[in-house]
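Participant: Below is the structure, and that's it, no one-letter string:
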């Protein structure tokens, strides 16, 4: 088939477009790639432009994007094709041209204003992957237009360089939008993959932040606060031991409690566990109580700390890690005892002596318990909503880590 060259392309494209074909399409795409872009590109482009089914588009698109740097000029020309799906695949093909695409990245800029939302999103994502060298190009769009490209240009700038990459006018516009939205902002439930938070009774937001050493508070909507926390919770990496700990979302008073959300509040991690225990103890001496929780939204376990009047009442952890039991402090809470009764287990137990089946059943139950336990005390960020009584304004604040090391760049939902 490779030896037939362009004579085989029509048949190969027809097979890729046939959603009923029983032939594995991956080897077909590989054959097309070996034939080469000079003989195969236009045939694939025509097939892609006329494809109507999602499966045939996927198969043809896979082959279309695989020519690499040799097809850079052809991909560039296809960016202006009248069929949106072709434009989107042309962006993907352009991305796979490596260093050759880096020097020609300006051809993607017009697609930031593409009338097709998926094409514009593809161009936006491609520019963000190109790195900081596109910042001057995108900043010029913010300053001079065209207008239809400016919104996504702002997103690219924020994602690549954060606030330092934005002009004063853009920073002011973002802050103004937040101020406009805040009067009608209502609580939104938090649901990240990994949820860490502290809870303190009352609404002394400023006093709690001082006690925790949090600085530079900036007003945010619930959507913005939650998005920052969720994004930061995915930011850990061996190359940056502080990633994820730089900032927290401090809520307004919610039904009599103030919550501090972010990975910095982790009650059971090796990096933060001891400090969070100390902070809860100190906060409870001032406010009567202070709690810290971890809840893994993907079945990754639970942990909690409850401190009252300057003393730790309870610390417990069930994450499936081998040394969870070493973190246990204090006696079981009333909620834990009641949950054991519901499971048909004894409310008092000793893990070292407990029947193995009972211990396993309890551990599976405790694995998902943190959010419900927090809710039993008053407020859980996973249970709040628009009807939750709220007083004040939430803020994003820097932790001591953030003050020392700065914060990651990113574009967030306001």
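Facilitator: Nice, thanks for sending it over. Keep in mind that what you see is a predicted model, and the values were worked out from it rather than measured. Numbering: from 1, shown residues only.

Participant: Show me what residue 261 is bridged to.
Facilitator: residue 197, residue 249 (DSSP bridges).

Participant: err, residue 295, not the other one
Facilitator: Here residue 295, judged by DSSP bridges, has bridge partners residue 195, residue 302.

Participant: need the contact list for it.
Facilitator: Counting by CB atoms under 8 Å, 6 or more residues apart in numbering, residue 295 touches 195, 302, 368, 370-371, 382. C-betas here are computed from N, CA, C, even on glycine.

Participant: is it possible to export those to CSV including neighbour count?
Facilitator: Shown next, in CSV, are the contacts of residue 295 (neighbours: other CB atoms under 10 Å):
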residue, neighbour count
195, 27
302, 25
368, 16
370, 28
371, 21
382, 19
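
Participant: which one of those residues sits closest to residue 86?
Facilitator: residue 195 (41.8 Å; CB to CB).

Participant: Can you give me the distance of that closest one to residue 278?
Facilitator: 21 Å (CB to CB, to the nearest Å).

Participant: now do residue 286
Facilitator: Counting by CB to CB - residue 286 and residue 278 are separated by 13 Å.

Participant: When those two are compared, which one has more neighbours?
Facilitator: residue 286 (15 against 12; other CB atoms under 10 Å).

Participant: So for the one helix or strand that one maps to, mean pLDDT?
Facilitator: Using DSSP states H and E, residue 286 sits within helix 273-287. Averaged across helix 273-287, the pLDDT comes to 97.

Participant: which parts of it are buried?
Facilitator: 273, 276-277, 279-281, 283-284, 287 (16 or more other CB atoms under 10 Å).

Participant: same check, this time on stretch 119-133
Facilitator: 119-128, 130.

Participant: Quick check: helices, which of the residues you listed are part of them?
Facilitator: Using DSSP state H, the subset of the buried residues of stretch 119-133 located in helices is 119-128, 130.

Participant: just those residues now: which is nearest residue 94?
Facilitator: residue 126 (6.9 Å).

Participant: measure that closest one to residue 288 for me?
Facilitator: 53 Å.

Participant: Ok, residue 131 next?
Facilitator: 50 Å.

Participant: Just put the buried residues of stretch 119-133 in TSV and tack on pLDDT.
Facilitator: Shown next, in TSV, are the buried residues of stretch 119-133 (pLDDT from 0 to 100):
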residue	pLDDT
119	97
120	97
121	97
122	97
123	97
124	97
125	96
126	95
127	96
128	94
130	89
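
Participant: does residue 380 sit in a helix, a strand or a coil?
Facilitator: Here residue 380 is coil, with the state taken from DSSP: H, G, I helix; E, B strand; the rest coil.

Participant: no wait, residue 66
Facilitator: Going by three-state DSSP: residue 66 is coil.

Participant: Contact partners for it?
Facilitator: 29, 32-33, 93, 96.

Participant: on that earlier part again, right, and out of the buried residues of stretch 119-133, which lies closest to residue 207?
Facilitator: Looking across these and measuring by CB to CB, the closest to residue 207 is residue 128, at 39.4 Å.

Participant: My understanding was that that closest one contacts residue 157; is that so?
Facilitator: No - counting by CB atoms under 8 Å, residue 128 stays clear of residue 157, with 9.7 Å between them.

Participant: list residues touching both of these two?
Facilitator: Joint contacts of residue 128 and residue 157 (CB under 8 Å, 6+ apart) do not exist.
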